[in-house]
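>>> need a 3D model of the following:
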Amino acid sequence: MKILGIESSCDETAAAIVEDGKTLLSNVVRTQIDIHKVYGGVVPEIAARSHIEVINPVIEQALQDAHLSWDDIDGIAVTYAPGLSGSLLVGTLAARTLALLKNKPLLPIHHVEAHVYANFITGQAEHINLSLPSRQPAFPMLALIVSGGHSQLVLFKDHGDYELLGQTQDDAVGEAFDKVAKIIGLPYPGGPSIAEAALQGDSKKYPLPKAKMQGAYDFSFSGLKTAVLRAVQREVSVDTTFPSFKLPELLNDVQRKDFAASFQRVAIETLVDKAEAAFNDYSPASVVIAGGVAANQELRRELQDRLPITIEYAPMQLCTDNAAMIATLGCFYAEKVAPSSPFSLEIHPSLSMTKTAWSKPLLQN
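Numbering: from 1, shown residues only. Below you'll find the model as predicted:
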């Protein structure tokens, strides 16, 4: 089974083809990072217009790279939730149109759930050169999903059968990385820039708090972000009324790197503490991390150090938004769930993963 995946939930326009839920035949991503970097974050209207400009060429490139025609494609998987409304509309309209024109099954895919399935890609075409896991994760599987919009711990019993154990109660960890980067004067996106600066910083220089939550597996990063802000204000001898956008110019490079390292240490410890607790309570057969923050090398190192099983990580190129994960999940989805109608499939910009477990009634259209 060969599934074409289409992803356009935020600021990457992507298309990929995956065979049998494990072999990557093509993977095309057009990023808008340079466009949005000027604004310090994603501008939804600009993102949607950029998707419109490149969506068709990206899809055609995915077919060409895989040396396939439409006759070889068994289904079209597309992100319909969650994400920016305008961005989601571009991808789903393209997928719905192609499903009608090419007479292909249409598979609606939840973006956050799909991030987990980047870990199921274990093979690749000759023209692709990624460092992939040697085998697919085993069930039950504990997934730590960490990105700019989500921080969740999910226990998968099987494909489509999962339970949300805990999640952030405010900011997602990736969002906190972006906001802290802005406070200390590092470029967008904050995850990579903080990780790079932290390599030369003292992670114990500034004591920062970990949030205490009622839910055993819940997260909170808003307080940590505020603690960094207050610590920076104290460090440069200004009061709490001083504008945060003026703080970067008062920090020197050493201070900047020490704040980056101190913040990253506490943020990652918060994630790993919860993942370790869930592992001890549920004894999963495998553990995966997924989402953009899963590319963080310090998170990978600490999680492996703290857990007593070997963890095989997806390559960093498949941690950020891509269509390979959409197509991979689409392969498993197609085996168990009937396709949706291209005439009536709708987007759901804020749909939770808890609404899409396959054992429950799906939003079929």
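>>> state the distance from the nearest residue to residue 59 once chain neighbours are set aside to residue 91.
In space, residue 59 comes closest to residue 15 once its chain neighbours are excluded; the distance is 4.5 Å by C-beta to C-beta, 6 or more residues apart in numbering. In short, each C-beta sits where N, CA and C put it, glycine included. Computed with C-beta to C-beta, to the nearest Å, the distance linking residue 15 and residue 91 is 9 Å.
>>> overlap of the contact sets of those two?
A shared contact of residue 15 and residue 91, defined by C-beta atoms under 8 Å, 6 or more residues apart in numbering, is any residue touching both; here these are 6-7.
>>> more neighbours, these two?
Neighbours were counted for residue 15 and for residue 91 using other C-beta atoms under 10 Å; residue 15 has more, 35 against 27.
>>> pretty sure the more buried one contacts residue 61?
Yes: when contacts are counted by C-beta atoms under 8 Å, residue 15 is listed as touching residue 61 (7.1 Å).
>>> which phi and psi values does residue 75 adopt?
Reported as degrees, to the nearest 10, the phi and psi values for residue 75 are phi -180, psi 160.
>>> my bad, should have said residue 19
Torsion angles at residue 19 (phi, psi; degrees, to the nearest 10) stand at phi -110, psi 130.
>>> what's around residue 181, how many residues?
Taking other C-beta under 10 Å as the neighbour definition, residue 181 ends up with a count of 25.
>>> same question, the one 4 residues further on
One way to gauge burial is a neighbour count; for residue 185, by other C-beta under 10 Å, it gives 19.
>>> show me what contacts it?
Counting by C-beta under 8 Å, 6+ apart, the residues that residue 185 touches are 247-249, 251, 256.
>>> in ChimeraX, how would I select the buried members of the residues you listed?
Of the contacts of residue 185, the buried ones go into a single ChimeraX selection, burial set by 16 or more other C-beta atoms under 10 Å:
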select :247,248,251,256
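>>> measure residue 59 to residue 98 for me?
Relative to residue 98, residue 59 is positioned 7 Å away (C-beta to C-beta).
>>> what of residue 327?
From residue 327 over to residue 98 the distance is 14 Å, taken as C-beta to C-beta.
>>> what about residue 24, which SS state?
Reducing the assignment to helix, strand or coil with DSSP: H, G, I helix; E, B strand; the rest coil, the entry for residue 24 is strand.
>>> before we move on, what about residue 320?
coil.
>>> hmm, it is touching residue 10, no?
No: using C-beta under 8 Å as the test, residue 320 is too far from residue 10 to be in contact (9.9 Å).
>>> quick one, domains of this structure?
Following automatic domain parsing, one gets these domains for the chain: 2-137+317-355, 141-311.
>>> mean pLDDT added to the ones you listed, as a markdown table?
Formatted as a markdown table, the entries for the domains of the chain read as follows, by pLDDT from 0 to 100:
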| stretch | mean pLDDT |
| --- | --- |
| domain 2-137+317-355 | 93 |
| domain 141-311 | 95 |
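>>> name the stretch among those that sits most buried.
The highest average neighbour count among these, using mean count of other C-beta atoms under 10 Å, belongs to domain 2-137+317-355 at a mean of 20.
>>> quick one, what contacts the closest residue to residue 56 other than its chain neighbours?
Counting by C-beta to C-beta, 6+ apart, residue 94 is the residue found nearest to residue 56 once chain neighbours are left out, at 7.1 Å. Listed by C-beta under 8 Å, 6+ apart, the contact set of residue 94 reads 6, 8, 55-56, 59, 78.
>>> and the residue nearest to residue 59, how far is that from residue 272?
To residue 272, residue 15 is 34 Å away according to C-beta to C-beta.
>>> measure residue 128 to residue 18 for me?
Taking C-beta to C-beta as the measure, residue 128 falls 11 Å from residue 18.
>>> can you check which residues contact both of these two?
Shared between the contact lists of residue 128 and residue 18 (criterion: C-beta under 8 Å, 6+ apart) are residues residue 24.
>>> off-centre distance for stretch 274-281?
If you compare the mean C-alpha spot of stretch 274-281 with that of the full chain, they lie 21 Å apart, counting by C-alpha atoms, centre = their mean, to the nearest Å.
>>> for stretch 201-215, same thing?
Relative to its chain's centre, stretch 201-215 lies at 23 Å (C-alpha atoms, centre = their mean).
>>> same thing with stretch 240-251?
Mean C-alpha position of stretch 240-251 versus that of the full chain (C-alpha atoms, centre = their mean) differs by 30 Å.
>>> after the helix or strand that residue 46 is a member of, next one along is what?
Here residue 46, judged by DSSP states H and E, is contained in helix 44-65. From helix 44-65 onward toward the C-terminus, using DSSP H and E, the following helix or strand is strand 75-81.
>>> which other helices and strands contact the helix or strand that contains residue 196?
Mapping residue 196 onto the secondary structure by DSSP H and E places it in helix 190-198. With contacts defined as 3 or more C-beta pairs under 8 Å, 6 or more residues apart in numbering; DSSP states H and E, the packing partners of helix 190-198 are helix 173-184, helix 253-282, helix 297-306.
>>> could I get those helices in JSON lines, plus columns for distance to residue 145?
Supplementary listing: the helices and strands packed on helix 190-198 in JSON lines, determined by distance: least, C-beta to C-beta, whole Å:
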{"stretch": "helix 173-184", "distance to residue 145": "10"}
{"stretch": "helix 253-282", "distance to residue 145": "10"}
{"stretch": "helix 297-306", "distance to residue 145": "12"}
